[in-house]
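Novice: take a look and give me a structure for this.
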Amino acid sequence: MAARAILAGVSSSNLPFGRVLTAMVTPFTAVGALDTEKAGLLARHLVENGSDGLVISGTTGESPTLSSDEKVRLFEAVVEAVGDRAMVVAGTGTYDTAGSVALSRRAAQAGCGGVMAVTPYYNKPTQEGLVAHFQAIADATELPVLVYNIPSRTARLIEVSTLARLSAHPNIVATKDAVMDLDFTSLTVETAPDVAVYSGQDSYTLPMMAVGAVGVVSVISHLAGTAVAGMVAAAAGGDYERAAALHHALMPLSVACFLETNPGPVKAALSESWEPVGTLRLPMVAPTEETLRAVLKALSALDGG
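Specialist: Predicted structure coming up:
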């Protein structure tokens with residue numbers, strides 16, 4: 001009974017950022033400059049095709065290659081484009097707490113509705129260091145905070161007990177779980193019920209929702225937003241037969257978009273299937289033609305050929 005109550009509460013009421021957020025790519029011009037006009041167009045396109053919110057300047061947005069001023073210009077452009085229709089979440093976390101705090105304050109000034117803070121990467125802080133880092137970001141503004149847990153990129157796991165401690169802060173309301181471990185997700189839902197769990201890996205979204213996640217921060221929603229939104233809505237409504245059918249239909253696209261390091265495949269495919277959004281900034285390089293063909297083939301099959 002207690003477990004069912006926890007899941008019911010998480011799935012129905014604890015939705016600080018909506019159910020489907022797209023981790024938006026950052027458009028660049030042909031010469032590699034930030035393209036805020038295209039960013040606004042893309043934001044509107046995504047919101048019109050299933051996204052409740054957008055995460056700006058995250059991993060998919062090539063945040064390590066963007067200056068702080070470029071990030072703020074992106075925040076402002078996207079807020080102007082869709083801020084009255086969708087949750088705009090600013091990626092403000094870095095491996096420098098002071099820099100993350102400063103950028104979070106600028107995001108609030110830009111009108112963003114929330115911030116996403118990734119685990120500090122490279123310097124591998126202890127769990128105590130993680131608590132102090134995230135609390136400092138949460139103290140910096142009144143915005144809700146999405147804690148991004150992705151140990152495959154950061155070399156440091158935010159442990160379940162740490163997430164439970166962080167949930168005591170009123171501004172720390174959710175976690176983007178890219179741990180890719182259903183046991184971990186289950187323990188998070190049970191141990192930190194005040195933290196809304198969002199899938200951070202498209203192929204895991206449905207299994208994670210089955211154990212209490214509320215939605216997804218998606219990459220493939222750039223290309224298949226309405227199908228992703230349909231799957232998430234079906235799972236949230238308890239229609240697991242439809243949700244499973246959409247999950248399996250989306251799986252080839254989920255796999256293809258990660259044949260090479262994100263965001264290379266999805267950004268190239270978006271340029272082919274929607275409008276040009278530019279290439280990648282070094283050290284990222286464009287995906288191979290083979291990978292791009294695999295993504296476009298999966299997308300074509302999803303669209304019915």
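Novice: quick one, what contacts residue 28?
Specialist: Residue 28 makes contact with 34-35, 277-279, 281, according to CB atoms under 8 Å, 6 or more residues apart in numbering. Every residue, glycine included, has its C-beta placed from N, CA and C.
Novice: so what's residue 127 closest to, chain neighbours aside?
Specialist: When the adjacent residues along the chain are set aside, residue 127 lies closest to residue 162, with 4.8 Å between them (CB to CB, 6 or more residues apart in numbering).
Novice: residue 147 now?
Specialist: Taking CB to CB, 6+ apart, and ignoring the residues beside it in sequence, residue 147 has residue 175 as its nearest neighbour in space, at 4.7 Å.
Novice: what do you get for residue 197?
Specialist: The nearest residue in space to residue 197 (CB to CB, 6+ apart) is residue 213, at 4.3 Å.
Novice: what secondary structure does the one you found sit in?
Specialist: coil (DSSP: H, G, I helix; E, B strand; the rest coil).
Novice: torsion angles phi and psi at it?
Specialist: The phi and psi torsions at residue 213 (degrees, to the nearest 10) take the values phi -70, psi 150.
Novice: ok, now residue 88?
Specialist: phi -100, psi 110.
Novice: distance check, the residue most central in space within the chain against residue 301.
Specialist: Centroid check for the chain by CA atoms, centre = their mean gives residue 217 as the closest residue, at 3.3 Å. Distance from residue 217 to residue 301, counting by CB to CB, to the nearest Å: 24 Å.
Novice: residue 288 too?
Specialist: The span separating residue 288 from residue 301 equals 20 Å under the rule CB to CB.
Novice: about what we covered before: ok, how many other residues are close to the residue nearest to residue 127?
Specialist: As a burial measure, the neighbour count of residue 162 was computed by other CB atoms under 10 Å and equals 19.
Novice: for residue 109, same thing?
Specialist: By other CB under 10 Å, the residues close to residue 109 number 12.
Novice: for stretch 115-125, buried residues please.
Specialist: By neighbour count, and taking 16 or more other CB atoms under 10 Å as the criterion, the buried residues in stretch 115-125 are 115-121, 125.
Novice: show me where pLDDT drops low in this structure?
Specialist: The chain contains residues with pLDDT under 70 at 1-13, 305.
Novice: strands along that one, start to end?
Specialist: Along the chain, counting by DSSP state E, strands occupy 20-23, 53-56, 87-91, 114-118, 145-149, 172-177, 196-199, 215-218.
Novice: many thanks, have a good one.
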